[in-house]
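1. What would the 3D arrangement of this be:
(chains A and B)
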Amino acid sequence: MTPLLELSNVRAGYGHSLVLQDISMSLHEGEIVCLLGANGAGKTTTTRVISGLLAAGSGEVRFAGNNIAAVPAHRRVDLGICLAPEGRQVFPNFTVHQNLLIGSYSKTARQRRAEKFEQVYGLFPRLAERRAQKAGLMSGGEQQMLAIGRALMGCPRVLILDEPSLGLAPKIIIDVYETVAAIAKLGLSILFVEQNVQAALMIAHRGYVIANGRIAASGTTAELQSTSLVQEAFLGTKTGTGRAPPGPARLSAH
Amino acid sequence: MNMRYVSVSLWVAGLLLALLTPVFGSPTMVDITFRTCSLVVLAVSWNLMASAGLISLGHSAFFGLGGYAAILATNSAGTPFWLSLLGSLVAGAILGLGLALITGKMRGIYFAITTLAVSEGLRVIAVMLPDLTGGAKGAYLAPDNFPGAFTVNMAMGIAAVGTCLIAWAISRSRYHFAFRAMRANEGASQMLGIYPLKYRAAITAISGSVASLAGAVEVWHGGYIDPALAFDLHITITSQIAPILGGIYTLSGPVLGAVATTLIGDATRIGLGHIEGASLLVFGLILVGCVLYLPQGIRGGIAQFLDRRSKRSASTPMPADAGQR
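-> You can find the predicted model right below:
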């Protein structure tokens, strides 16, 4: 079966600095996949390449079997690639409802707007309560929910979440991830970026570890938890030299 | 009395003034209305761009281009009045489109500087091509096609009303949302399926074409154009003072601001004209005062006043008028 989203040997960067050296990864229909890695590893750059905000220098990005290199960012939303960006980036002067409304701006999404509103307000009752409030006046956790809700309004087939736990209190992070798990039950494919390894492995099926712009490790959640690769990628240290084996509890670095 | 009634009655009053003054008004009133309508067109046009996050420091580029397009078309080919206005609309739209394409993803100060450069560039070009434009000496309108002062005054009234209608139509459409989103965060709006360049090109073309129209009618009104007059920095400045004074990003703000700017300017000029420099000083002080005490412009001030009054009179507090119309 061809994966819904596939990156093969992608290289990309900004100006002369090459951030992604060689990224190959895939996401199948209905899967939840996490991208792990330390600061500056290339996680956000990967999401930018997938959503079309940054062109890949070489390599291929395929969606449902088609190379989408030439498809500009705003058209990728129409295809069903929707991003909740790093740092949320909700429109602070728009109300909650207006933020969601503009999430369904693309042509395909506009036709299913009513249905999507129902879905999003069902998933996030908090947003329904606050629909008339200015988004900028909400807490970080609520803004994150809004950013996810806004991405959902675009009728995604692949939902990309870039560090949904960024800057949130641990309790709120659990809330956010419980909602992500609930979204996954709707049959969406989800790709999300995390530094918070424990939170990520809680809900993901598979994961990739990015280090220095390359895929350093990949596997199912259980495999990643049982190897030292994650820790190596994060801390840059070679473990397994007779020191204590890294257990999941120790993976909560950062 | 709430904002809605005030707003509707002010719009109706403005519409009647713009369209009936050329018919019934005294010469002084006709003159004031003409200049107000001209500024309404420029202010609404400037505000359209600003609403999409594009701050223009070169609206005189459109104004001057429109003026030259009209005068050149008429003098060289005998183009009649209304057709020359159409030509200016097209010329302004093309310049607007070109501006959007040149500036690409530039935002904020970079976009502003580019517009300033375009305006200055056009002024220099107009000076450097004396065979075409009459150079620094300027050009006089050939009187053969002059449709009469009444028609010209009427045209400016229609232009003002039409510009407001365009702005209103945009504010009612979903494009309004796209523009607001672009103003807030162009990157985020792109992630939601909005193609910024398309909307930029559209808004600069619309804004540019109406501003050119104002320039064209002004040329028919004055009968003369030269590069310093056409691409005057003063035009750029007043086209942004008016919306800021009246209420930026709103529909009625630029119109209120245009009326206020014209009236304050005239009052200080007539009242203090005999003392050198005093009129400008007072005009400036009034503007500073307005910006300080009416941060949301005249429109915001009216809304606040009505809100406070209704709260005082009614026992149950009324919700503040949050809509930006």
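
2. For A:Thr47, see how far away A:Gln21 is.
-> 17 Å (Cβ to Cβ, to the nearest Å). No exception for glycine: its C-beta is placed from N, CA and C like everyone else's.

3. what's the answer for A:Ala169, then?
-> From A:Ala169 across to A:Thr47, the span is 24 Å (Cβ to Cβ).

4. And these two? Which one has more around it.
-> A:Thr47 (24 against 12; other Cβ atoms under 10 Å in any protein chain shown).

5. what does the model give A:Val209 for pLDDT?
-> Looking at A:Val209, its pLDDT reads 91.

6. That one falls within a helix, correct?
-> No - with DSSP: H, G, I helix; E, B strand; the rest coil as the criterion, A:Val209 is located in strand rather than a helix.

7. who's it bridged to?
-> Beta-bridge partners of A:Val209, counted by DSSP bridges, are A:Leu36, A:Ala217.

8. wouldn't it be in contact with A:Gly37 here?
-> Yes - under the criterion of Cβ atoms under 8 Å, A:Val209 makes contact with A:Gly37 at 6.1 Å.

9. in chain B, what spans have low per-residue confidence?
-> Within chain B, the stretches with pLDDT under 70 are B:1, B:314-325.

10. Which residue would be the closest one in it to chain A?
-> Closest residue of chain B to chain A, Cβ to the nearest Cβ: B:Gly193 (3.3 Å).

11. Quick one: the strands in the stretch 101-250 of chain A, in order.
-> Counting by DSSP state E, counting those that start in this stretch, the segments of the stretch 101-250 of chain A that form strands are A:158-162, A:189-194, A:206-211, A:214-220.

12. Reformat these into a markdown table and put distance to B:Asp144 and mean neighbour count next to each item.
-> Output for these, formatted as a markdown table (distance: least, Cβ to Cβ, whole Å; neighbours: other Cβ atoms under 10 Å in any protein chain shown):
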| stretch | distance to B:Asp144 | mean neighbour count |
| --- | --- | --- |
| strand A:158-162 | 66 | 25 |
| strand A:189-194 | 70 | 24 |
| strand A:206-211 | 74 | 24 |
| strand A:214-220 | 76 | 17 |
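
13. For B:Leu256, find the nearest of the ones you listed.
-> Distance to B:Leu256, taken as Cβ to Cβ, is lowest for strand A:158-162 among the strands of the stretch 101-250 of chain A, at 43.1 Å.

14. Is that closest one positioned near chain B?
-> No - residues of strand A:158-162 are not located near chain B by Cβ under 8 Å from any Cβ of the partner chain, the shortest gap being 9.5 Å.

15. Indicate whether stretch A:111-122 makes contact with chain B.
-> No - residues of stretch A:111-122 are not located near chain B by Cβ under 8 Å from any Cβ, the shortest gap being 10.8 Å.

16. which SS state does the residue minimising distance to the centre of chain B fall under?
-> With distances taken as Cα atoms, centre = their mean, the residue of chain B nearest its centroid is B:Leu42 (1.4 Å). Three-state call for B:Leu42 (three-state DSSP): helix.

17. Once you drop chain neighbours, what's closest to it?
-> Excluding its sequence neighbours, the residue lying closest to B:Leu42 (Cβ to Cβ, 6 or more residues apart in numbering or on different chains) is B:Ser239, at 3.8 Å.
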